Structures are given as C-alpha cells and as structure tokens.
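Model the following, please.
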Amino acid sequence: MNSSDGGSDVVGDRPRSGPRATYPTARPADSRRRWFVGLSVLVVVAGVAIAWLGYTKFAGSDVTGEVTGYEILNPSTVAVQFTLTRKDPAQQVACVVRGRSKDGDETGRREILIPSGTQTQTGVRTEVATSRPPVIGEVFGCTANVPAYLTSSTT
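Below you'll find the model as predicted:
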C-alpha cells in the first residue's frame, strides 16, 4: 500500500492522507440512536410545554353568558334573556348583547353591567335597540374585566 490510499503514513489509528483520512469511518449505531432519542425527548418536552402554556392562557372562561330566549318586541327592539355563569359571584361582570337582522348583520348592540351577587348562575333580561327589524337576539360575550365607563359609581 502506498500513502495515496492511506496505507502507509499512519499516525496512531488514522492515516494522514488518502481516502481513509478524507472520509471518516462510520459512527457506531449507538451514537446515532442516542442523538435520535435525545432530540425526540426534547421535541416532546417542548410540545408539552407549549400545550400547557396554551391551555393556561386560553382555557375555559371564568364568565359565560348563554341565551335562554329572545323576544322581538317591535321592529326596532329585541329583548334578550340569558343565563350568566361566573366562578366568583362576588365580582361584577360586563356582557355584550346584540340584535341581528335577517341578513345576519348586527343591527344593535348593548353593553350591560351585571352587579355582584350571591349565586354563580344569574338570569338576566335586557332590551336592545336595533336600526333594522331584528330576527334574533344573542349574547356576544361576557367578561370579568369590566370597562371603567361601565362600572357603577358610588357618589
């Protein structure tokens, strides 16, 4: 063998020149398996962490409003009746109630303040003025983050 095929100028167990010096020997399968398992565990841990963060941020709301009925009072008013459910009945809640026309457009909206109470479920009825004849009344949403302009003042 000559030095061009890596046969002669050998230092330790690696040749200094030739194909065996240029192209390393294959890694053992254990090394590749370790990398695969390590990266797989890292991906699973990252996925669980992202799922936990998403769940804590977007999980079920502390406050919900569900329509139990509506009544069209006249061509410009709809009465909406709904059940408010809140985890902490001692907190005030703001809800947005709206009326919709035949084509699905929102034609009236009302924000209402529901004061604190003693029960987790409360029945609420309100009227919404509309710009066109309503065909349905619905709760758009409720929140425990009551805007400052909606809070009841104690003067």
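
Are we agreed that Arg34 is in a helix?
Yes: residue state for Arg34 (DSSP: H, G, I helix; E, B strand; the rest coil) corresponds to a helix.

and it, how many residues sit next to it?
If you count neighbours by other C-beta atoms under 10 Å, Arg34 ends up with 11. The way it works is simple: take the backbone N, C-alpha and C, and place the C-beta from them, glycine included.

Pull up the pairing partners for the longest strand belonging to the chain, direction included.
In the chain, taking DSSP state E as the definition, the longest strand is strand 63-74. Strand 63-74 has the following sheet partners, assigned by DSSP bridges: strand 77-86 (antiparallel).

Moving C-terminal from the strand it pairs with, which element do we reach first?
strand 93-100 (DSSP states H and E).

Pull up the gap between the residue nearest the centre of the chain and Trp52, please.
Nearest residue to the geometric centre of the chain (C-alpha atoms, centre = their mean): Phe58, 3.7 Å. According to C-beta to C-beta, to the nearest Å, Phe58 stands 11 Å off from Trp52.

cool, Ala129 as well?
Distance, Ala129 to Trp52, by C-beta to C-beta: 44 Å.

Look at Asp103 and give its secondary structure.
Using three-state DSSP, the structure places Asp103 in coil.

Show the pLDDT at it.
We have a pLDDT of 94 for Asp103.

Phi and psi next, for it.
Here is the backbone geometry of Asp103 (degrees, to the nearest 10): phi -80, psi 0.

same thing with the one 5 residues further on?
Note on Gly108: its backbone torsions stand at phi -160, psi 150 [degrees, to the nearest 10].

Tell me if I'm right that it and Val78 touch.
Yes: at 7.1 Å, Gly108 counts as touching Val78 under the criterion of C-beta atoms under 8 Å.

between Ala129 and Trp52, who's got more neighbours?
Using other C-beta under 10 Å as the criterion, Ala129 and Trp52 rank with Ala129 on top: 15 against 10.

Let me know the distance separating the residue nearest to the centre of the chain from Asp88.
Distance of Phe58 to Asp88, computed by C-beta to C-beta: 20 Å.
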